[in-house]
Each structure stands twice: as structure tokens, then as C-alpha cells.
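Q: next input, structure requested:
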Amino acid sequence: MKTFLVLTVLASLFPAVLADAQSVISLNFKQNPLFEVSTGNVDLALPDDGSSLTLGADLTVSGGSGRYTYVWTDGNKDVLGEESTLTVSTPGTYLLTISDQCQCSHEVGFNLTSAGIEDVLPDVAVEIRGREVILGGMEARQVSLFSTSGMMVYLKTMVSPAGSFSLDEVPAGIYMMQVMTSAGRLITRKIILD
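A: The predicted structure follows:
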């Protein structure tokens, strides 16, 4: 009898609390599908006839919130366009940043070289003295360093082409160095910086 009386008194003092204690609260969550881009970094050569090349035409973007924005930049981080593709005719490094409405983003790098360069130009003498890189008889227009996992970690575009350049601001490590010359040729070398 005492238990019943206590429950009756509690029910009269706190009716909302006891009623809510028996309620079920439903929560619905919506998560967008995984935001994906069909490729990573891309190395391309310009056509032999000197015509332009359209970058990004074969990319497939899926998932995320479903609406995407595109921003193309060059090696100097200058914005070149805001469409899904970019037509170019100049060798260099181009970066496409794709974002969805939730601010998730993917980046795809395009390294564009002059036509007909399949080798790494083994005939060009590249000498490294400490952090100074000296090109035998060629002038650098752009320098890119890639980590051993393939990520670009350094990009420098020269104001005027130079036969040598310094890598003082680059941390010690093993890198794949790509140098775009003023003649549009690409030199690729593995380098070790102490």
C-alpha cells in the first residue's frame, strides 16, 4: 500500500517527467554518399601540332552533396577558371580543386609537358651542391618536388629562367625533382637533400 501511495504522490507532483520517461525519441540522420573523384595526379604532354589540350574532361565526380564547384589554378596559384574543364596550350602545373556544398574537397594536379618528351633527359647534366641545383646548359622555368609517396611538396615558378636555383626552404629528404625548362622540356631526377 505504501508503494502505491508513493507512486501516486510522485505522479501528481511530476506528471510530465513520468510521461516523458516512457516516450521514444526518434532521431533521423542523413549522410551524403562518399565524395569521390575518379583520378589522382595526371601527367600529360601537349599535342605535337601545337594545339591546345582540355584538362578535366575525363574526370568523374560522384557523391558528396551532389553540387560541385571547380577552381583551376596554375603554379603561381592564380585562378584560371571555374568550370569543370580547362583548355591550355602552355606547359606547366595546373591544379583543379573540386568542392561540394558541405565544403568537402578533392584536388587533382595536372603536369603538362611539351610533346614528344617521354624520357627523363639523361643527357642533361644536373649537379647538386648542398641545396643549390645547377642545370648543365638549360634554364629552369618551374621546379616541382614530389615526396616518395608521389605528393607534390614544393612548387616554384621562376620570375625569369635561371640556370641554377636554391632549395634552401625544402626540408631534408628524398625527392623526385621535375624541372620545366624555358624551352618547355621536362627534366626529372631523384635527389637527396641533407
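Q: what pairs with the biggest strand by length in the chain, and is each one parallel or antiparallel?
A: Across the chain, the longest stretch assigned as strand under DSSP state E is strand 152-162. Paired neighbours of strand 152-162 in the sheet (DSSP bridges): strand 140-146 (antiparallel).
Q: buried residues, the partner strand. List them.
A: Neighbour-count burial for strand 140-146, with 16 or more other C-beta atoms under 10 Å as criterion, is recorded at 140, 141, 142, 143, 144, 145, 146. (C-beta placed from N, C-alpha, C; glycine too.)
Q: can you check stretch 147-162 too?
A: By 16+ other C-beta under 10 Å, the buried positions in stretch 147-162 come out as 152, 155, 156, 157, 161, 162.
Q: outline the domain layout of the chain.
A: The chain breaks down into these structural domains: 36-113, 126-193 (assignment by automatic domain parsing).
Q: so can I have JSON lines of those showing distance to residue 29 and mean pLDDT?
A: Written out in JSON lines, the entries for the domains of the chain read as follows (distance: least, C-beta to C-beta, whole Å; pLDDT from 0 to 100):
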{"stretch": "domain 36-113", "distance to residue 29": "14", "mean pLDDT": "82"}
{"stretch": "domain 126-193", "distance to residue 29": "33", "mean pLDDT": "81"}
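Q: follow-up on the earlier one: of the buried residues of strand 140-146, closest to residue 27?
A: Comparing the buried residues of strand 140-146 against residue 27 with C-beta to C-beta picks out residue 146 as the nearest, at 45.4 Å.
Q: that closest one touches residue 176, doesn't it?
A: Yes - at 4.4 Å, residue 146 counts as touching residue 176 under the criterion of C-beta atoms under 8 Å.
Q: burial count for residue 110?
A: Neighbour count of residue 110, defined by other C-beta atoms under 10 Å: 20.
Q: counting by contacts, list what the helix or strand harbouring it packs against.
A: Under the criterion of DSSP states H and E, residue 110 resides in strand 105-113. Secondary-structure packing of strand 105-113 (3 or more C-beta pairs under 8 Å, 6 or more residues apart in numbering; DSSP states H and E): strand 36-37, strand 42-45, strand 53-55, strand 92-100.
Q: pick the most buried one from these.
A: Taking mean count of other C-beta atoms under 10 Å as the contact definition, the stretch among the helices and strands packed on strand 105-113 with the greatest mean neighbour count is strand 92-100, which reaches a mean of 19.
Q: run through the bridge partners of the spatially most central residue of the chain.
A: Of all residues in the chain, the one closest to the mean position by C-alpha atoms, centre = their mean is residue 107, 3.1 Å from it. Taking DSSP bridges, one finds residue 97 as the beta-bridge partners of residue 107.
Q: cool, and residue 126?
A: Listed beta-bridge partners, residue 126: residue 135 (assigned using DSSP bridges).
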